[in-house]
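Visitor: Please work out how this folds:
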Amino acid sequence: MEQTERLLVGIENVLRITNELVEEIADLQVMKEEYVRLKEQLFLNQFTRVERKVFEFALEQCSVRETAKILHREEETIKKIRRKILRKLEVSSMKSAIELYEKVVHSCTLTFSFVNDGTGQERIRFS
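Guide: I've put the predicted structure just below:
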């Protein structure tokens, strides 16, 4: 009987520890999601409101024409905004901009620095 009781106590301890680990994993998942959200927010905060909107449409694979239609802007205006985004990110294509976004937001480490862009305003440079 004593051996059975010890076995049951051992099983109860294993179940308790397992439950605690499951709760810890859930907490870590919430923290990870918040971390990703904050990195995304940091990345997007370097843009003006309009640039952010245009970039978000690019993330959704919208073309210049589709973005212009949705935002009720001229295609040339959207192209200019996209060029500003590319300059800020120091990349040559929207595809590279999206890849940088994905890398920054979904990487485990985040390295960035603040850079003066010559206009008196600081920008964020990700690496």
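Visitor: Which residues belonging to stretch 28-38 are considered buried?
Guide: Of all the residues in stretch 28-38, not one is buried under the rule 16 or more other CB atoms under 10 Å. C-beta here means a position set from N, CA and C on the backbone, and glycine is covered the same way.
Visitor: Next: stretch 90-106.
Guide: For stretch 90-106, by 16+ other CB under 10 Å, it's 91, 94, 97-98, 100-101, 104-105.
Visitor: looking only at pLDDT, what's the mean for the top helix by length along the chain?
Guide: Scanning the chain for the longest helix, with DSSP state H as the assignment, gives helix 2-44. For helix 2-44, the mean per-residue pLDDT is 84.
Visitor: sorry, back to before: now, which of the buried residues of stretch 90-106 sits nearest residue 26?
Guide: For the buried residues of stretch 90-106, the minimum distance to residue 26 (CB to CB) is 21.9 Å, reached by residue 105.
Visitor: residues contacting the closest one?
Guide: 36, 39-40, 43 (CB atoms under 8 Å, 6 or more residues apart in numbering).
Visitor: For it, pull up the helix or strand it's in.
Guide: helix 94-106 (DSSP states H and E).
Visitor: Please state the offset of that helix from the chain centre?
Guide: 9 Å (CA atoms, centre = their mean, to the nearest Å).
Visitor: before we move on, back to that, which two among the contacts of residue 105 are spaced furthest apart?
Guide: Pairwise distances across the contacts of residue 105 (CB to CB) peak at 10.6 Å, for the pair 36 and 43.
Visitor: still on that earlier bit, between the helix holding residue 105 and helix 2-44, how big is the angle?
Guide: In terms of direction (axes from the mean of the first three to the mean of the last three CA atoms, to 10 degrees), helix 94-106 departs from helix 2-44 by 140 degrees.
Visitor: how many neighbours does residue 5 have?
Guide: If you count neighbours by other CB atoms under 10 Å, residue 5 ends up with 9.
Visitor: Residue 51 versus that one, what's the distance?
Guide: Counting by CB to CB, to the nearest Å, the gap from residue 5 to residue 51 is 68 Å.
Visitor: just residue 21 next, same as before
Guide: For residue 21, the distance to residue 51 - CB to CB - is 44 Å.
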